[in-house]
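Participant: what would the 3D arrangement of this be:
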Amino acid sequence: MAIRADRITFGPWRGGVDYSRPAIDLETDQLFEMQNMEIGLYGEVSKRKGTALLTSSELNSGAICTGLGQHRFSVSSSATWGFFGNKFYENLGGTPADRSGSVTITAGVDKTWLSANCGGTLLSCNGNGNDPALSWAASGGNQATANVSSRFTSAGCVAWFDNRAFWGDLSSGEDRVWYGSQTDLTTYGANDFYQFDERVVAIAPMKSFLAVLTENAIWGLFPTGNALQPYSRQRRADRGTVARRSVVVSEIGWLYFQREEGMYRWDGANQPEKISGPLDGERYWGTIRTTRLAESHAIYVPHKRQIQFCVPYGDSQESMNHKLLWNEQLEAWAGPHNGFALNASSYFNNKIYHGYHNGFALQHDIGSTDNTGSINAYFVTGATPPVSSSDSVRWLYARHQFNSEETNLNVIVQQRGPGIPSKLNEFDVGDPSDALETEFVIGSSVIRGTDWGSFIDTDLYGYDPFTQLKYLNANASEQFTIRRTDLMYKPIGKETRYSTGTD
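Facilitator: Numbering: from 1, shown residues only. As a prediction, the model looks like this:
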């Protein structure tokens with residue numbers, strides 16, 4: 001017999017997670033909280049994939065990774081690389097070889113490296129006055145001190161633009177950006193630099209100019225075509241960055257960067273726009289250790305349309321232990337991902353890599369375990385009232401729509417609300433169909449469809465204007481995806497309530 005009921009649908013969650021508002025103020029396409037989950041391009045919420053070792057054994061006695069990536073020397077030669085403590089290694093995915101040579105590489109959690117492919121040569125710097133700018137010219141060769149015509153020794157940032165190497169935050173002037181010759185990577189004119197109002201934090205090539213970021217401004221160096229004055233310096237925005245490794249440019253030309261109050265994006269013309277409002281407040285950003293944000297780092301992941309920011313969560317947290325995901329297509333946040341300490345990040349070969357604090361580098365978004373360990377994942381919906389905050393309803397049941405998994409596994413769903421005792425249910429998100437030749441029973445077996453989703457119902461309880469659901473799974477190798485949930489209810493009407501809590 002059909003049940004007479006009204007319905008409110010939570011999801012798809014294209015609005016992302018919002019830590020800045022109470023659950024009852026969220027829209028039905030927003031989440032109240034999440035951990036180790038991702039939001040797909042269609043608003044579905046999935047348990048994140050796992051991690052796997054890139055380096056099979058710890059490097060340099062378990063030293064901290066301060067930079068990693070893949071470098072293309074030529075059309076026929078490329079190599080993975082990484083800084084670990086006071087050494088530089090080639091071939092991280094195979095048998096790593098020490099290519100440090102005789103250069104100075106200082107170990108330390110804050111001695112992090114930025115690099116750029118400059119016409120086939122990898123140029124690197126770490127902003128530490130004791131370490132010279134470095135040059136790596138060939139696979140199988142060692143690092144060497146970069147030849148910059150003695151204009152400076154150390155630098156804090158480096159970029160390749162207009163067929164020139166650009167260096168910023170220099171030992172000869174922290175407010176300077178020096179540029180090299182278009183025909184010789186080792187030639188730097190005596191006056192071939194630009195000076196800015198304060199310390200240069202980062203530089204980043206954009207479509208038609210080089211963006212120069214200080215803490216309080218963004219400048220542009222625009223090519224002029226004039227050999228004597230090759231660039232025009234223009235102040236473009238009145239807000240910059242505090243984190244040199246957080247600056248990334250997406251494929252559609254947006255520049256993203258980190259400040260103490262949150263994340264920003266910039267289109268190259270107008271003033272930067274803060275995008276991290278949903279992270280504000282005591283439930284999330286209030287616990288970020290802002291004094292460590294100078295070492296936060298970010299990567300752009302084009303196949304996911306994501307910018308992934310690694311940040312320090314915790315009042316005394318030193319390392320970047322949380323990863324936050326901004327979906328450029330949905331313009332929404334997901335995260336955090338946690339359970340690790342990330343000191344460097346890179347994206348190459350359509351894969352995500354991070355350097356750790358223990359001599360290892362790992363590939364992320366692979367498999368279903370964190371290097372054989374389990375992943376504790378959950379998400380919590382909003383508590384949008386189906387009628388209004390003044391109208392009580394009787395909650396009846398929830399219909400959970402999910403992707404069928406290849407193996408049987410359980411997801412716990414918890415109902416909760418201000419006037420409802422917490423209630424746990426459990427349901428199976430494995431493929432419910434039976435094999436045709438061996439298990440299929442007419443009249444009881446489910447027919448398999450390759451493009452079908454599945455659904456299952458669980459009971460709801462209580463009389464209240466609000467309720468919300470928490471989905472969780474903390475087991476290894478158990479992925480799950482929830483697409484949306486229909487909550488069935490019967491309206492009760494307006495009731496007075498002079499105290500909080502359950503009846």
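Participant: could you export the longest strand along the chain as CSV, CA atoms only?
Facilitator: Scanning the chain for the strand with the most residues, using DSSP state E, yields strand 481-494. Output of strand 481-494 as CSV, limited to C-alpha atoms (Å, rounded to 0.1, in the frame of the first residue of the first chain):
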residue,chain,number,x,y,z
THR,A,481,29.2,7.1,-3.6
ILE,A,482,25.9,8.7,-2.6
ARG,A,483,24.1,10.6,-5.3
ARG,A,484,21.1,12.0,-3.4
THR,A,485,18.6,11.2,-0.6
ASP,A,486,14.9,11.6,-0.5
LEU,A,487,13.5,12.2,3.0
MET,A,488,9.8,11.4,3.4
TYR,A,489,7.7,13.1,6.0
LYS,A,490,4.2,14.1,7.0
PRO,A,491,3.5,17.7,8.0
ILE,A,492,2.3,18.2,11.5
GLY,A,493,1.9,22.0,11.6
LYS,A,494,3.0,24.7,14.0
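Participant: average pLDDT across that strand?
Facilitator: Here strand 481-494 scores 96 as its mean pLDDT.
Participant: out of everything not next to it in sequence, what's closest to residue 199?
Facilitator: Of all residues not flanking residue 199 in the chain, residue 174 sits nearest, at 4.3 Å (CB to CB, 6 or more residues apart in numbering). For every residue, glycine as well, the C-beta is placed using N, CA and C.
Participant: what about the one you found, which helix or strand?
Facilitator: Take DSSP states H and E as the rule and residue 174 turns out to sit in strand 173-179.
Participant: what comes up buried for that strand?
Facilitator: Buried residues in strand 173-179, defined by neighbour count with 16 or more other CB atoms under 10 Å: 173, 174, 175, 176, 177, 178, 179.
Participant: can you check stretch 129-137 too?
Facilitator: Quick answer for stretch 129-137 (16+ other CB under 10 Å): 131, 132, 133, 134, 135, 136.
Participant: again with stretch 266-277
Facilitator: Quick answer for stretch 266-277 (16+ other CB under 10 Å): 266, 268, 272, 275, 276, 277.
Participant: and what of stretch 454-464?
Facilitator: For stretch 454-464, using 16+ other CB under 10 Å, the buried residues are 454, 456, 458, 460, 461, 462, 463, 464.
Participant: surely the fifth one is within a strand?
Facilitator: This points to residue 461. No - under DSSP: H, G, I helix; E, B strand; the rest coil, residue 461 sits outside any strand and is assigned coil.
Participant: helix, strand or coil: sort out the nearest residue to it once chain neighbours are set aside for me.
Facilitator: Spatial nearest neighbour of residue 461, excluding adjacent residues (CB to CB, 6+ apart): residue 423 at 5.2 Å. Counting by three-state DSSP, the backbone at residue 423 sits in strand.
Participant: check contacts around residue 423.
Facilitator: With contact taken as CB atoms under 8 Å, 6 or more residues apart in numbering, residue 423 is in contact with 414, 415, 416, 459, 460, 461.
Participant: contact partners for the residue most central in space within the chain?
Facilitator: With distances taken as CA atoms, centre = their mean, residue 308 lies nearest the centre of the chain, 1.8 Å away. With contacts defined as CB under 8 Å, 6+ apart, residue 308 is in contact with 298, 299, 300, 301, 323, 324, 325, 326, 345, 352.
Participant: reformat the buried residues of stretch 266-277 as a markdown table; add secondary structure.
Facilitator: Below are the buried residues of stretch 266-277 laid out as a markdown table (three-state DSSP):
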| residue | secondary structure |
| --- | --- |
| 266 | strand |
| 268 | coil |
| 272 | coil |
| 275 | coil |
| 276 | coil |
| 277 | helix |
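Participant: sec struct for residue 115, please.
Facilitator: Applying three-state DSSP: residue 115 is strand.
Participant: show me the beta-bridge partners of it.
Facilitator: residue 124 (DSSP bridges).
Participant: any idea how far residue 270 is from it?
Facilitator: With distances taken as CB to CB, to the nearest Å, residue 115 is found 30 Å from residue 270.
Participant: before we move on, what about residue 91?
Facilitator: 44 Å.
Participant: returning to what we had before: helices or strands next to the longest strand of the chain in the packing?
Facilitator: Judged by 3 or more CB pairs under 8 Å, 6 or more residues apart in numbering; DSSP states H and E, the packing partners of strand 481-494 are strand 6-10, strand 45-47, strand 391-402, strand 468-473.
Participant: what comes up buried for the longest one?
Facilitator: If I follow you right, that is strand 391-402. Quick answer for strand 391-402 (16+ other CB under 10 Å): 392, 393, 395, 396, 397, 398, 400, 401, 402.
Participant: tell me, how many residues neighbour residue 322?
Facilitator: Residue 322: 24 surrounding residues under other CB atoms under 10 Å.
Participant: over to residue 26?
Facilitator: 22.
Participant: hmm, it is touching residue 382, no?
Facilitator: Yes - counting by CB atoms under 8 Å, residue 26 does reach residue 382; the two are 3.1 Å apart.
Participant: where do the contact lists of these two overlap?
Facilitator: With CB under 8 Å, 6+ apart, residue 26 and residue 382 have common neighbours 18, 32.
Participant: now the strands for the stretch 51-200 of the chain?
Facilitator: 51-53, 65-74, 77-84, 87-90, 97-98, 114-118, 121-125, 134-136, 144-145, 157-161, 164-170, 173-179, 193-195 (DSSP state E, counting those that start in this stretch).
Participant: re earlier: partners of the strand holding residue 174, with directions?
Facilitator: Strand 173-179 is paired, per DSSP bridges, with strand 164-170 (antiparallel), strand 193-195 (antiparallel).
Participant: alpha carbons of the helix or strand immediately after the shortest one in the chain, as CSV, please.
Facilitator: In the C-terminal direction, the helix or strand that comes right after strand 193-195 (DSSP H and E) is strand 202-205. Below are the C-alpha coordinates for strand 202-205, written out as CSV (Å, rounded to 0.1, in the frame of the first residue of the first chain):
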residue,chain,number,x,y,z
ALA,A,202,55.7,34.7,-6.0
ILE,A,203,55.8,35.1,-9.7
ALA,A,204,53.5,33.3,-12.2
PRO,A,205,53.1,33.4,-16.0
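Participant: let me see the contact set for residue 188.
Facilitator: 148, 149, 151, 178, 179, 180, 181.
Participant: now do 7 Å
Facilitator: Residue 188 makes contact with 148, 149, 151, 178, 180 under the criterion CB atoms under 7 Å, 6 or more residues apart in numbering.
Participant: of the residues you listed - the most surrounded one?
Facilitator: Ranking the contacts of residue 188 using other CB under 10 Å puts residue 180 first, with 25 neighbours.
Participant: the closest residue to that one other than its chain neighbours bridge partners, please.
Facilitator: Closest residue to residue 180 apart from its sequence neighbours, by CB to CB, 6+ apart: residue 165 at 4.4 Å. Note on residue 165: beta-bridge partners by DSSP bridges are residue 160.
Participant: OK, contacts around residue 165?
Facilitator: Residue 165 neighbours (CB under 7 Å, 6+ apart): 118, 123, 158, 180, 185.
Participant: that one and residue 123, how far apart?
Facilitator: Residue 165 is 6 Å from residue 123, by CB to CB.
Participant: tell me, what's touching those two both at once?
Facilitator: residue 158.
Participant: on that earlier part again, need the buried residues of stretch 129-137 in TSV (columns: distance to residue 231).
Facilitator: Listed next are the buried residues of stretch 129-137 as TSV, based on distance: CB to CB, whole Å:
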residue	distance to residue 231
131	28
132	25
133	21
134	25
135	23
136	27
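Participant: quick one: which of those is nearest residue 47?
Facilitator: Distance to residue 47, by CB to CB, is smallest for residue 136 among the buried residues of stretch 129-137, at 38.6 Å.
Participant: now that closest one: closest residue in space, sequence neighbours ignored.
Facilitator: residue 122 (4.2 Å).
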